[in-house]
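Peer 1: need a structure here:
(one chain, ligands or ions: 1)
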Amino acid sequence: MTHTTSRAVYPGSFDPVTLGHLDIVRRASRLYGGLTVAVLRNTRKKPAFSAEQRRAMFEAAITAEGLTGIEVVHFEGLLCDFAHEIGAQVVIRGLRAISDFEYELQMAQMNRRLAPGLETVFLTPGEEVSFISSGLVREIAQLGGDVSSLVPACVAAELSRRYA
Ligand code: PNS
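Peer 2: Numbers count the residues shown, from 1 in each chain. This next block holds a predicted model:
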């Protein structure tokens, strides 16, 4: 069932996008009429890839998957302000395991305090990708391991260049 009237925003650092993130995008795009992937420009963590590289990789992965009607943009500042700007009523976040929950609950409640009309919806990725994280992917790539089953092909190529 698609709620065609609702626009959702899927925010994150995406440093880099993984097959887990892509799985969440696929699920969210089936639920919402409009979906914006919002790549945080200045993350607190020092990112391995620039905001434009992270955005471009996500866009390329979405195109390669044949998914349509999804925009991929940068954002900075408060997520709730950005959601308001683009008319999104829903924030999508992926929940992989209990360990994600505390941080996610705190963010969802904080965003609700800041913007009472903005709902956070948690989606769970398929179990075949639910153990993947960008941090582990970076570590494996840096140490010369094979990440081809963890990230889209364009990202695997970018990681090889980055850590060559
Ligand atoms: O992929 P991440 O790093 O877990 O994503 C975190 C993100 C980007 C969703 C969060 O840091 C965020 O929304 N940052 C924007 C600033 C903001 O709104 N902070 C208050 C959040 S409650």
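Peer 1: Spell out which parts of the protein neighbour the ligand.
Peer 2: 11, 12, 13, 40, 43, 78, 79, 107, 110, 111 (C-beta under 6 Å from any ligand atom). Just so you know, the C-beta spots here come from the backbone N, C-alpha and C atoms, and that holds for glycine as well.
Peer 1: what helix or strand is the spatially closest residue to residue 104 that is not a sequence neighbour on?
Peer 2: Nearest residue to residue 104, sequence neighbours excluded (C-beta to C-beta, 6 or more residues apart in numbering): residue 93, at 5.6 Å. Element membership for residue 93, per DSSP states H and E: strand 90-94.
Peer 1: by how many degrees do the lengthiest helix in the chain and strand 90-94 diverge?
Peer 2: Longest helix in the chain by number of residues, with DSSP state H as the criterion: helix 98-114. If you take axes from the mean of the first three to the mean of the last three C-alpha atoms, to 10 degrees, helix 98-114 sits at 170 degrees to strand 90-94.
Peer 1: which residues in this protein form strands?
Peer 2: 3-12, 32-40, 70-75, 90-94, 119-123 (DSSP state E).
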